[in-house]
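1. Sharing a sequence plus its predicted fold:
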Amino acid sequence: MKLKAAIEIWKHSDTYKEPTAIHWIVWLLENPESPISLAGAIGLDNHDVIHILLDRNMDIRDEAMVIGFTMGNTGNMNKWIKRLFKFCAKWIYPSGYRFDKDDMIEFNRGYEYGSTRPLKNIHLAKFDENEEIEDIRKKFGIELINTK
């Protein structure tokens, strides 16, 4: 399937969140336009593409995997930023965004997987929407690791 078709399906899902529906605390830490965004901050369009490339849905556990992947794959990450994010995701994020113990496991799994990809900063790539998803995965060394 071409990326463009997958994005269309993704954006018409019942659980898709419009940018205006994303809580402001999440925006502060995860949006690259925020003055205090953390390493791995990603625009919504590329965030959606990472979901598609990792074949993850939109529930909290899937969000944890995607965020972990982008943070682990970034070139400017350190343990303090990771700890700060995990603290916020567990204690400060509002209901519907907050990570529980199992979500943290998935975040760590995504972080480790992202850190092992040969190309870094995948979240900043300019994706060709006319390219096949499998070809994009191959280009970035992404294999599906879902446990579903």
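-> Okay, I see it.

2. Near Ile36, how many other residues are there?
-> Ile36 has 8 neighbouring residues, counting by other C-beta atoms under 10 Å. C-beta: built from backbone N, CA, C; applies to glycine.

3. Who are the contact partners of it?
-> With contact set as C-beta atoms under 8 Å, 6 or more residues apart in numbering, Ile36 has these partners: 28-29.

4. In three-state terms, label it for me.
-> Of the three states, Ile36 takes coil under DSSP: H, G, I helix; E, B strand; the rest coil.

5. per-residue pLDDT, Phe107?
-> pLDDT, Phe107: 97.

6. typed the wrong thing, it's Lys148
-> pLDDT recorded at Lys148 is 49.

7. again with Leu144
-> 86.

8. Report the central residue of the chain.
-> When the chain is reduced to its mean C-alpha position, the closest residue under C-alpha atoms, centre = their mean turns out to be Val66, at 2.9 Å.

9. That one belongs to a strand?
-> No: assigned with three-state DSSP, Val66 falls outside any strand and is helix.

10. distance of it from Trp80?
-> Here Val66 is placed at a distance of 21 Å from Trp80 (C-beta to C-beta, to the nearest Å).

11. What of Gly114?
-> 18 Å.

12. Also Lys17?
-> For Lys17, the distance to Trp80 - C-beta to C-beta - is 29 Å.

13. Look up which helix or strand Leu144 falls in, please.
-> In the assignment (DSSP states H and E), Leu144 maps to no helix and no strand.

14. Surely it touches Ile52?
-> No: counting by C-beta atoms under 8 Å, Leu144 does not reach Ile52; the two are 11.3 Å apart.
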